[in-house]
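Undergrad: Got a predicted structure here, sequence first:
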4 protein chains.
Amino acid sequence: MAKPMARSDATLASACDPQLLDDLVAANRILSYHGVLEAYGHLSARDPKHQDHYWISRSMAPALVAAHDIIALDLDGNPVCAGETKLFFERVIHGEIYKARPDVMAVLHNHSPSLVPFCNSDTRLLPMTASAAFLGDSAPVFDIRDVDDEGDLNVCTPAQGKALAQALGDHCLVLLRRNGSVVVGDSVREVVRRAIFAERNARQQIEATALGPVQFLTASEIAYAKRVKPKDADRAWRLWKQQALNRA
Amino acid sequence: MAKPMARSDATLASACDPQLLDDLVAANRILSYHGVLEAYGHLSARDPKHQDHYWISRSMAPALVAAHDIIALDLDGNPVCAGETKLFFERVIHGEIYKARPDVMAVLHNHSPSLVPFCNSDTRLLPMTASAAFLGDSAPVFDIRDVDDEGDLNVCTPAQGKALAQALGDHCLVLLRRNGSVVVGDSVREVVRRAIFAERNARQQIEATALGPVQFLTASEIAYAKRVKPKDADRAWRLWKQQALNRA
Amino acid sequence: MAKPMARSDATLASACDPQLLDDLVAANRILSYHGVLEAYGHLSARDPKHQDHYWISRSMAPALVAAHDIIALDLDGNPVCAGETKLFFERVIHGEIYKARPDVMAVLHNHSPSLVPFCNSDTRLLPMTASAAFLGDSAPVFDIRDVDDEGDLNVCTPAQGKALAQALGDHCLVLLRRNGSVVVGDSVREVVRRAIFAERNARQQIEATALGPVQFLTASEIAYAKRVKPKDADRAWRLWKQQALNRA
Amino acid sequence: MAKPMARSDATLASACDPQLLDDLVAANRILSYHGVLEAYGHLSARDPKHQDHYWISRSMAPALVAAHDIIALDLDGNPVCAGETKLFFERVIHGEIYKARPDVMAVLHNHSPSLVPFCNSDTRLLPMTASAAFLGDSAPVFDIRDVDDEGDLNVCTPAQGKALAQALGDHCLVLLRRNGSVVVGDSVREVVRRAIFAERNARQQIEATALGPVQFLTASEIAYAKRVKPKDADRAWRLWKQQALNRA
């Protein structure tokens, strides 16, 4: 199924930037530690030098990923090095989003536990605090039934992947009806941050809903957050990395 | 109380398939690690070569089960080897389901925390994601009061066990009013998977209910899931086994 | 404040039954491990040979209790051995219940997290499963404001303790308005079991309430449970003890 | 940005009281262990001898704070020793509260998970048990939008800090609309205690609300709690410290 590329390409791409590789492995552990990823789901990073390649683990549980499990795929989901066969069957999500969104450098598909209730509800996921301002004026919802009558919930064909990328639009997170979410960002670290804060926001929104009407970020607060980067984002990354790697 | 069988039978049956034995022990640890089992509840596997025998631990907490605790019972709940006396008093659940469902190779009775609210409610447990599609168009509910006036909630007599098996029908999971649930499958690993995803589905359904009307899997999605096996089911099993055994 | 007793009495009482002592220490750890006890709360056991004495730890966090921290008090809360000064200020709860209930051999005061919502609600705590059948046709609620205008919420005077014992009546658990609960039983192990299952029942009742009307144990089921002791109660005790002591 | 002070001042202030230093480090660990602090948030203690200085960690995750990370700032947020540059950008919260409240000796800004729902709701946070009596007749809520049109949610300017201090008034805890809470007290230990019990109270209030109308502390109970200090407050501190430091 996976078509090997020419050797020269493979040689070029086989060297993942060490920092990026380290971040990818750490991110898999961090997201598992925080319960954002469990047995399923996957995280990728676009190669900064070969923008039509991305790095992702072989098909395996994220908590068990080590550096030697990270391989390169092209944007059609073919492995850059011949012989790789353990590929995520939903990897089309990554390729189609990288095609549609040149700004995106990392993609995560997960089934974050507190997001699932919002995947199956008409209640919109909205930002409660500045940390979740990236949700904007609400996360869009993609329903695979709009493009496929078959009944499968997984996003496996290019047509399904393209439709998902279209539903994502220029947002940072899209909910998949009955199938979790996809988070994108300009780096692995930004995606990790968004996924963790999305999960927290979802839980707090569920609890706030039990108390009565909920007050979300105002339009000016969302606009402000879009203009200004999170202050000291690496403070969280450093903590999370230490916690996750110490436990592993 | 337990009637020993003839020696030749015992010899035949005393050799549990090593892989099955390993799975049974791991499954007891995994279900404890995930909180699906706590002090009570029990898991069995039908012997693939002697379909009228099944393997189950002695009466003990699942988290403490080791290989030498696994014994064989016949479908009437008698130990295959004489002298076994520490038997689960609700073992009739296993025997009666194996009698009624030749396709079933593993049975679990548990009190999974998020399922209990559904055991005592008219709100039906319904699938939120593909992982819980095995719930079909809703899990049936068995009420022991329909077959017994005494007041005991435990399923201990053959008549009670038969009634429970009838309530299960051809489903994969039956809720027991005021007494947890029973999950069945074609292997130990399938039962473990179903029990863990049933617990998650229940929790997410409770939370989604707090947000408003909930959208469950469609009929075509449930039908699709019945036709197609979960992709890469062992990915989860490998992760769960490593987590549970590392902690033990 | 604490009046030392005569020496001969002290000598008699200073030997706590080793099994009881071991159970008391283990119970403090188990209840901490399960979150039923945290920094505050206390557990006592009546001395089986000197029924007007009971054993309890010095005033300290239950998770830190060791055998040498267990001391004897008389039913008025005086230490049997002179010189003990670190006494729980709510120990009157234990003495007054032992006076009022000759059948009670162990008493626990705690602020089990899921019980607190029921302490401050008109919604009654009712049994969801056989494990919580000891709640009967609902746990009574004691309001210290009925006997004291001062405003203190702690049960510190004999009059307050007597009123609490009266509210308990012949039940196994009484909720204290705005102050947690008291659980009693015929042994340390029974009290531990009841406290853990009360906490679980409360959590599951809160979640079931979110789903709609809740079906509790029927009158015949409650009556049955009163006639029949829990089957294999020590299975849970053994598991809990191993978990709690391994972690300590 | 930070203006160094004269050398003599620095020398005076550079010696933090060893007990206070130990408490500050332990408190950062304890609050992280209990989930009250995660990557963000900060805790400070006013210097008892130089009341216009306070001690706080450099800008970092609280779980990672060690003694050598604690530095002194003046009430305008300038470091007492020249050269410190890793300063919390919301440190104005601490200085302005110390200016407005001479009785306050410790300040904590956090995003305690169960408090966030109350930050974004008109449902008031009210005391359920004696441990949370410090909430009084309800925690006030500060909305930065009342003093700033820009859209930033962080409290970074003196004007914003002053407005927050005014909203706090003579209370012990103020909720920040869409931005967590601030807790104050007469010592680091008191602030830790209040923050942990506020989190628990919030969680229990959310759950109690699901059961129906909630009964909170009465006016006489709140008044009593204001007159009487918590009994044996250090019991909790000792437990929490041991738990948090053992885990670190």
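TA: Received the coordinates, thanks.
Undergrad: Now do the phi/psi pair for the closest residue to A:Ile56 other than its chain neighbours.
TA: Once flanking residues are discounted, A:Ile56 sits nearest to A:Ser44: 3.9 Å by C-beta to C-beta, 6 or more residues apart in numbering or on different chains. Any C-beta I mention is one placed from the backbone N, CA and C, and that applies to glycine too. Here is the backbone geometry of A:Ser44 (degrees, to the nearest 10): phi -130, psi 160.
Undergrad: Can you mark which positions in stretch A:208-221 are buried?
TA: Within stretch A:208-221, the residues scored as buried using 16 or more other C-beta atoms under 10 Å in any protein chain shown are A:Ala208, A:Thr209, A:Ala210, A:Leu211, A:Val214, A:Gln215, A:Phe216, A:Leu217, A:Thr218, A:Glu221.
Undergrad: Could you report the neighbour count for the nearest residue to A:Asp152 once chain neighbours are set aside?
TA: The shortest distance from A:Asp152 to any non-neighbouring residue, by C-beta to C-beta, 6+ apart, is to B:Tyr224 (5.4 Å). The local packing of B:Tyr224 (other C-beta atoms under 10 Å in any protein chain shown) involves 17 other residues.
Undergrad: Ok, A:Gln19 next?
TA: 9.
Undergrad: Let me see the contact set for A:Ala132.
TA: Contact analysis of A:Ala132 by C-beta atoms under 8 Å, 6 or more residues apart in numbering or on different chains lists A:Phe197, A:Ala198, A:Arg200, A:Asn201, A:Leu217.
Undergrad: And the last one, how far from chain D?
TA: Using C-beta to the nearest C-beta, to the nearest Å, A:Leu217 is found at 6 Å from chain D.
Undergrad: what do you get for the fourth one?
TA: As for A:Asn201, its distance to chain D is 9 Å (criterion: C-beta to the nearest C-beta).
Undergrad: what sits against that residue?
TA: Neighbours of A:Asn201 in contact, by C-beta under 8 Å, 6+ apart: A:Leu125, A:Pro127, A:Met128, A:Thr129, A:Ser131, A:Ala132, A:Leu135.
Undergrad: and the residue nearest to A:His53 when sequence neighbours are not counted, how many neighbours?
TA: Counting by C-beta to C-beta, 6+ apart, A:Asp47 is the residue found nearest to A:His53 once chain neighbours are left out, at 4.3 Å. Residues near A:Asp47, counting by other C-beta under 10 Å, number 22.
Undergrad: and stretch A:110-121, average pLDDT?
TA: Throughout stretch A:110-121, pLDDT has a mean value of 98.
Undergrad: one step back: identify the residues contacting the residue nearest to A:Ile56.
TA: A:Tyr54, A:Trp55, A:Ile56, A:Leu73, A:Arg91, A:His94, A:Ala106, A:Val107, A:Leu108.
Undergrad: Three-state assignment for the first one, please.
TA: Remark: A:Tyr54 carries the secondary structure label strand [criterion: DSSP: H, G, I helix; E, B strand; the rest coil].
Undergrad: okay, now it: neighbour count?
TA: Per other C-beta under 10 Å, the neighbour tally for A:Tyr54 reads 27.
Undergrad: contacting residues around it?
TA: A:Ser44, A:Ala45, A:Arg46, A:Asp47, A:Ala72, A:Leu73, A:Leu75, A:His94, A:Gly95, A:Tyr98, A:Val107.
Undergrad: Number of residues surrounding the closest residue to A:Asp52 other than its chain neighbours?
TA: Closest residue to A:Asp52 apart from its sequence neighbours, by C-beta to C-beta, 6+ apart: A:Leu75 at 5.2 Å. Using other C-beta under 10 Å, A:Leu75 has 17 neighbouring residues.
Undergrad: if we can go back for a sec, now for the contacts of A:Ser44: which two are most distant?
TA: Distances among the contacts of A:Ser44 were taken as C-beta to C-beta; the most separated pair is A:Leu73 and A:Leu108, at 15.3 Å.
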